Structures are given as C-alpha cells and as structure tokens.
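Asks: here is my input; please provide its structure:
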Amino acid sequence: MHDSLLLLAALLACVAGMGWLALSMDVHWAQVRGAVPQPPALIKTLRTMGAAALAVSLALCLAVDSPSIAVLVWFMALAGSVLTVALTLTWRASVLGMLVFWTGQGAR
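Replies: The predicted structure is shown next:
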C-alpha cells in the first residue's frame with residue numbers, strides 16, 4: 001500500500017509540474033485566466049515549480065522501484081500527465097486555475 005501511495009504522489013506531482021510548465025506559456029495562461037496579464041516574475045516561479053515537481057516525481061519513483069523500472073514508470077507518468085494537461089486545456093482550461101490559486105486572480 002505504501003508503494004501505491006508513493007506512485008500516486010509521483011503521478012500527481014507530474015500532473016502539477018506539467019500544468020505549471022504549461023501555465024508559464026502566454027497562450028495557455030490566456031486560456032486559463034483570460035485577459036488577466038501574467039507577471040514576468042510568475043513565469044519564472046511557474047517554471048521553477050514545474051521543474052521541481054518533475055524532479056520530486058522522479059525521486060518518488062526511484063524510492064519505490066529499482067532505477068531501471070523507476071525511470072520507465074516515470075516516463076509513463078510524464079506521458080500520462082502531458083496528455084491529461086493537454087486534454088484539460090482543450091476542454092476545461094479553467095480547471096488548471098487551481099494550480100495558481102495563490103495569485104488571487106479569478107478564472108475568466
């Protein structure tokens with residue numbers, strides 16, 4: 001059960017990381033927040049948080065399995081999280097607004 005929770009946490013970290021990386025792009029920011037301008041400092045923060053979340057995800061995968069299997073599981077988690085974020089941006093972009101809740105800006 002412990003391993004399952006770690007892998008779930010790794011998957012959630014991947015989704016959050018990919019979401020933050022997507023929101024650091026102007027096009028996706030506009031999809032989620034509308035005409036609200038994105039502060040330049042926020043872009044750097046989102047990219048740093050995205051990279052850190054992906055690194056945490058890899059560390060969690062490595063904590064569960066041997067390195068050869070952990071990297072494979074991590075790559076599959078990356079692929080699944082990219083697909084999840086892409087489909088969310090396509091159909092319900094405003095849902096990703098929860099990843100930047102601290103900005104205090106409402107969704108469009």
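
Asks: point to the helix or strand of this protein where mean pLDDT is at its lowest.
Replies: Least confident helix or strand, the chain: helix 26-33 with a mean of 91, by mean pLDDT, DSSP states H and E.

Asks: so which bits of that helix are buried?
Replies: Going by neighbour count (16 or more other Cβ atoms under 10 Å), the buried part of helix 26-33 is 28-29, 31-33. From N, CA and C alone the C-beta is placed, and that goes for glycine too.

Asks: ok, now stretch 68-85?
Replies: So, applying 16+ other Cβ under 10 Å, buried residues of stretch 68-85: 70, 73-74, 77-78, 81, 85.

Asks: now tabulate those residues in a markdown table and tack on distance to residue 53 and secondary structure.
Replies: Shown next, in a markdown table, are the buried residues of stretch 68-85 (distance: Cβ to Cβ, whole Å; DSSP: H, G, I helix; E, B strand; the rest coil):
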| residue | distance to residue 53 | secondary structure |
| --- | --- | --- |
| 70 | 16 | helix |
| 73 | 16 | helix |
| 74 | 12 | helix |
| 77 | 11 | helix |
| 78 | 11 | helix |
| 81 | 10 | helix |
| 85 | 12 | helix |
